[in-house]
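[1] Structure for the following, please:
(chains A and B)
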2 protein chains.
Amino acid sequence: MTRRRRKHWGWGYEDEQPSIEDVRAAAPMVQQLLGFAAAEAEEPVALEDSALRDPRPLPAPPPAGVPWDVSDHARATHAWGKSTLDVVRAFRGRFDHAPDAVARPADEDQVAQILEWAEETEVVVVPYGGGTSVVGGVTPDVLEPSISLDLGALDRVLEVDAVSRAARIQAGVLGPDLERQLAAHDLTLRHFPQSFELSTLGGWLATRAGGHFATGPTRIDDLVESIRAVTPSGIWESRRLPGSGAGPSPDRMLLGSEGILGVITEAWMRVQPRPAHRAGRSVRFPGFLLGAEAVRAIVQAGLRPANCRLVDAREAAFTGAGDGACALLVLAFEAIDAPVEGDLARALELCAECGGTWEGPAADAAGEGASAWRDSFLRAPYLRDLLLQLGVLSETFETAITWERLPALLASVLAATREALDDPRAIVSCRLTHAYPDGAAPYFTVLVPARRGDEEQQWWAVKRAASDALIAGGATITHHHAVGRDHRAWYDRQRPEPFALGLQATKATLDPSGILNPGVLVDLLDVLRV
Amino acid sequence: MTRRRRKHWGWGYEDEQPSIEDVRAAAPMVQQLLGFAAAEAEEPVALEDSALRDPRPLPAPPPAGVPWDVSDHARATHAWGKSTLDVVRAFRGRFDHAPDAVARPADEDQVAQILEWAEETEVVVVPYGGGTSVVGGVTPDVLEPSISLDLGALDRVLEVDAVSRAARIQAGVLGPDLERQLAAHDLTLRHFPQSFELSTLGGWLATRAGGHFATGPTRIDDLVESIRAVTPSGIWESRRLPGSGAGPSPDRMLLGSEGILGVITEAWMRVQPRPAHRAGRSVRFPGFLLGAEAVRAIVQAGLRPANCRLVDAREAAFTGAGDGACALLVLAFEAIDAPVEGDLARALELCAECGGTWEGPAADAAGEGASAWRDSFLRAPYLRDLLLQLGVLSETFETAITWERLPALLASVLAATREALDDPRAIVSCRLTHAYPDGAAPYFTVLVPARRGDEEQQWWAVKRAASDALIAGGATITHHHAVGRDHRAWYDRQRPEPFALGLQATKATLDPSGILNPGVLVDLLDVLRV
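    Numbering: from 1, shown residues only, chains lettered A, B, ... in the order given. Next up is the predicted model:
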């Protein structure tokens, strides 16, 4: 079987790329949905015409037996992640930071061999799962020789403990493949980030990914039983435990480490049967903040909806889930064992108190609004490529904030973003993706006519303005997109300084040559400082 | 108002200590409940007769204005925590490791002044909350001059954010005082460890305390919004956030740090209204493992009981909650907003499938078994002192393990403990205190005639045997009692070695003079190693 090749510039596989005629045919949709005209459809720079420099010679031959790929396609697809910035650059044929080779270890032993080799030769190693980072997390942004360490061959569920409902899973497995293997045991990890199709367990763990669900164990952190990683200083493996109070949690130090401490090779994850009970409804609110009040009331009442996404009127309209007049709350409960209609009824009561209205179950058959929105959610990365070809820049960023500061934060972030966009046609919309008793995670979408050829500066202007507003407003630079290289400046302003010193010292101890994903999270430590 | 003085040797306050006549009067109870005779009632060595050496001279006068206490009572009560070992030694008038002074800072500024002074003078500082450590966590076990840093004066709820349901709370506040202050806002932290009466928020955070509740957010970790600490390298303060994916969690590095990285001074904690709905029942099982199957079925069904404590037949009998023939499951649901009878009914169905039986709500009025057990739970530390005076050594230890390994672990730990006790009269009982979808936390109680004067060796024999069995069986050395000095040897075998190196490097960076709680979690780092 031939392996499907990933597109060299955007989301998905080569065989999914629409023809230029199909792209052109989508132009009227832009006008219709976004209210401004598409530009002339543009084709990506072909890989063979791209500015991809030859691989630099490596200081020593790679470890024998490790699959090694120096093809243009491999190097180009491992040069960037999948942020808008990355896609724009690849679309224009720019691969400034392509690695000099892509290593595809067949097993953990080969991962260890590669790290050993890299430490001896001082070659930079960038761990690579599905390559879906939207924060520059997999970009080998260095002058030294570098390789991308692609975990894609470590793609199996190795062991299932049905009694404890846990599974030992290799880090390189893609979302759909993981779920297929678990389904053979009637189990699911139930972790569905937007990148699900092309992202991996190891990537989720390294970046503290957030799943699709709004409450409960939705962040990957809460599904972890133990993690195993290869570091330049040996194997890091925690015990399989349902809970432990023995010192700070080792797993919580790897979670979010973004490849700077070690390469995650496998993990024991908490799995579960598929939920047998489900009930949902789409609720309209006359205003976004009224909807937010309802979300707050629902989670503060102790209800834990699986879905509780509040989409503003503008976003509801262009995703086809609403009429543009009302904010829309996609509300759904799920349970393994017991009916959830009671929870839904109570949540709807709370919605009504905040001005929410909804159709009866018949009119909401299969939650049409909800399902339109969900389809749109999963289609979004594909749509972004199409929009780029039609001269529309689309960008998303996200955060989290406590409830009492939410209204002011929304106002300041929207204002700062609009000002930076400097285009009356620009659309900035917002949804709440995750809800907690003490706050929520707002997620922003920007759609604006691209300044062709200058998209990179256009993107940075928005990123800078939005990120400054987030940090000034007391929010986090990221709720679940991670830090990578793009968020570094704001991350440094957010984290406690003594923690940064500790993380830097940990990095210097475990990776004294500084080969692992340099530039991410911390600077290399001046060793004499310690 | 005169401040009540803590007992210099055991649990509680001086005015709570029963007279020797009252102790003698309790002797028949020992025979009745434990099946062996009490010994002659013994009185503790009075403080003035104890072996408490004079305070060593400090290298420099303490910072001006910081309340400083060198009284025998202060030094003695800060010499040990409250493990059985600690209580035995204090009872016998031994205070080998008393600090040379007790500092009682009035505010965070004074905490910082003390750390600065200690770093300059190289005086060891042991952070002290309520002093209820059962693992040697507050014992200044060093040859150098040392002080105990008592946070007791930092005892206020500083701010309440009713919208986000969060409160900013000083670290030194005791459980009951904290709840009193929150009750003025109709809120509760709902964190009730067994030590609640005499332990503090800061202690809970530093040791990753486990609350009374069996499922859901019961560990203090999950109630944290942000933490503020003073380190020798500056203030460590995380942002108030409901969730964040920006790098490894800074809070999770302080949680469980046991005073080796910094002194926690305050935290924003998630609070909530008191639950308005409650329903519970006591369920009898013909065997402990059948009860464990029921607990597993309940949590794996997605039910989240507030109480789900499975007590073995022996323990149910001597706590007055059962007849000694059956294991007893104390089962209760609570909710802020909605009735919980449905959850209880479903859980009881699952109990029935595992052989569980129960009385109707009338016969179970106010959950008599449950309430007898709860009273006994809170009385336990007082009872331990009384038993010691009557020649009974009582000890508890706890762990966590995944479900599939639970039966084998229970067998091996019970066998190892009984063998080490080497006394046919010894009682070893077990309960499950916390339940997770993937495992549970077993908690063991040991009751044995004390070998008078040799209790310390007797204690260590049990501790060593049980701890070896825990580690060999794949369990954790502690689910919620922490590591301190007593668990250090087993903790070192449990944790991933690269994590230990990282923690050590973090410690060396933040506390280069090694003044903070030396001996706990890590050894001081040979600086040249980094």
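
[2] Excluding chain neighbours, what is closest to the residue of the stretch 201-350 of chain A found nearest chain B?
    Going by Cβ to the nearest Cβ, chain B is nearest to A:P242 of the stretch 201-350 of chain A, at 3.0 Å. Just so you know, the C-beta spots here come from the backbone N, C-alpha and C atoms, and that holds for glycine as well. Residue nearest to A:P242 in three dimensions, not counting chain neighbours: B:G439, with 3.0 Å by Cβ to Cβ, 6 or more residues apart in numbering or on different chains.

[3] next one: A:A171
    A:G202 (2.8 Å).

[4] separation between the one you found and A:A90?
    For A:G202, the distance to A:A90 (Cβ to Cβ, to the nearest Å) stands at 23 Å.

[5] Run through who's touching stretch A:176-186.
    For stretch A:176-186, the external contacting residues (Cβ atoms under 8 Å, 6 or more residues apart in numbering or on different chains) are A:155-157, A:160, A:162, A:167, A:169, A:173, A:188-189, A:196-197, A:201, A:271, A:273-274.

[6] what comes up buried for that stretch?
    A:L178, A:E179, A:Q181, A:L182 (16 or more other Cβ atoms under 10 Å in any protein chain shown).

[7] Could you do stretch A:20-37 as well?
    Applying a neighbour-count criterion of 16+ other Cβ under 10 Å, one finds A:V23, A:A26, A:A27, A:V30, A:L33, A:L34, A:F36 buried in stretch A:20-37.

[8] Not counting sequence-adjacent ones, nearest residue to A:E293?
    In this structure, A:E293 finds its nearest non-sequential neighbour in A:C354, 4.6 Å apart by Cβ to Cβ, 6+ apart.

[9] just checking, A:I114 touches A:P67?
    No: using Cβ atoms under 8 Å, A:I114 is not in contact with A:P67, being 10.6 Å away.

[10] Neighbour count for the two, which is higher?
    Neighbour count, other Cβ atoms under 10 Å in any protein chain shown: between A:I114 and A:P67, A:I114 has more, with 23 against 13.

[11] ok, the more buried one to A:G519 distance?
    A:I114 is 20 Å from A:G519, by Cβ to Cβ.

[12] In which helix or strand does A:A508 reside?
    helix A:497-510 (DSSP states H and E).

[13] chain center to that helix, what's the gap?
    Counting by Cα atoms, centre = their mean, to the nearest Å, helix A:497-510 is centred 25 Å from the centre of its parent chain.

[14] One more: stretch A:375-393?
    On the basis of Cα atoms, centre = their mean, stretch A:375-393 sits 16 Å off its chain's mean C-alpha point.

[15] Would you indicate which residues of it are buried?
    In terms of neighbour count (16+ other Cβ under 10 Å), stretch A:375-393 has its buried residues at A:376-377, A:380-393.

[16] Which single residue in the stretch 401-530 of chain A comes nearest to chain B?
    Counting by Cβ to the nearest Cβ, the stretch 401-530 of chain A gets nearest to chain B through A:G439 (3.0 Å).

[17] So that residue is in contact with B:P242, correct?
    Yes: counting by Cβ under 8 Å, A:G439 touches B:P242, with 3.0 Å between them.
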